[in-house]
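*Asks:* Give me a 3D structure for the following:
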Amino acid sequence: MSVPNIIVVAGLSGAGKTTWVCQQMRDIADVDKIIYYSPGTGTVPIDQNRIAAEFPGIQVFSDGQEVEFINQIPKADAVYIEWGFYLELGAMPSLSETLPRMAIAANAQILDNLTYRAIAVLPPDFKDSEYHTWANEIVRGAPTQTSTGESLWRAASNGQVIDENNLEEFWHEITHGAYGIVTRAKGIFDVNDGRSLYYDFVAGIPQTDFLELDLPRHLEGRPQRFSGLEVVGQNLDEAALRQTLSDCCLSDAAILQYQQQVKEILLEGEPV
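*Replies:* Take a look at the predicted model:
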């Protein structure tokens with residue numbers, strides 16, 4: 001049995017961990033089997049869904065799928081594990097601390113021999129941290145802003161559809177201090193014309209336009225796929241974030257009306 005190339009990627013919020021992983025996946029597109037796992041995201045697996053949409057041939061695992069992930073390791077050619085900034089770096093180097101006891105018992109031989117390459121994606125001016133001690137290699141990432149006292153807020157919005165104009169206004173508010181000092185925000189949203197859009201913000205970095213995920217346009221009722229929002233910052237007004245997100249969501253009648261309009265436009269062959 002061949003030993004897979006296992007890479008664990010850690011680093012600060014917004015430094016570019018997922019971006020680095022995606023670039024590595026593009027570079028080894030000819031590899032037969034790649035798997036990706038990111039623990040600790042709960043019901044808001046934004047990065048997992050982004051990667052699954054961009055790389056449909058890759059197996060993506062989230063919380064609750066640890067057993068399946070472990071079982072696939074010996075069958076994979078390349079394994080990427082993204083270690084979020086909200087997880088204790090001290091839980092490495094033994095991945096067994098993050099996995100269910102049953103999975104460990106069933107796969108003890110695999111775990112005993114599990115070795116990996118540790119990559120830390122960090123801002124250029126970030127020095128002498130625990131990441132530097134832990135990592136085999138330091139990758140220069142985005143010059144993200146870091147501060148103490150930051151909190152992490154997440155909300156899933158599966159099945160919800162948001163008017164794109166309202167989403168643009170909400171995103172502007174998030175990134176311009178209306179809900180606290182936001183240093184990082186990202187989300188996947190189903191909008192009224194049936195597309196799934198990925199939004200990304202890192203304080204101090206020039207903003208980019210949204211990314212349309214390579215998913216089928218959904219024009220039949222409420223979408224049965226993931227959507228959700230993650231915000232990192234100081235003094236976050238979580239109640240206001242949750243309420244505004246809810247206010248942006250369309251009613252069943254509005255969703256139906258938009259979907260009918262888009263289908264008529266598409267039948268006429270016009271761009272939406």
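*Asks:* At the geometric centre of this structure, which residue do we find?
*Replies:* Note on the chain: the residue nearest the mean C-alpha position is D47, at 1.6 Å, using Cα atoms, centre = their mean.
*Asks:* Which stretches in this protein count as strands?
*Replies:* 5-11, 34-37, 59-61, 78-83, 117-122, 137-140, 151-156, 181-190, 196-202, 211-212, 228-234 (DSSP state E).
*Asks:* Between these, which one is closest to E268.
*Replies:* Nearest of these to E268, taken as Cβ to Cβ: strand 211-212 at 21.3 Å. The C-beta positions use only the backbone N, C-alpha and C, and glycine is treated the same way.
*Asks:* circling back to that earlier point, need the strands of the chain in a markdown table (columns: distance to T244).
*Replies:* What follows is the strands of the chain, written out as a markdown table (distance: least, Cβ to Cβ, whole Å):
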| stretch | distance to T244 |
| --- | --- |
| strand 5-11 | 30 |
| strand 34-37 | 31 |
| strand 59-61 | 29 |
| strand 78-83 | 29 |
| strand 117-122 | 31 |
| strand 137-140 | 35 |
| strand 151-156 | 11 |
| strand 181-190 | 13 |
| strand 196-202 | 14 |
| strand 211-212 | 22 |
| strand 228-234 | 10 |
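*Asks:* And those strands: which comes nearest D252?
*Replies:* Nearest of these to D252, taken as Cβ to Cβ: strand 181-190 at 13.8 Å.
*Asks:* Going by neighbour count, which residues in that closest one are buried?
*Replies:* The neighbour-count check on strand 181-190 (16 or more other Cβ atoms under 10 Å) flags 182-190 as buried.
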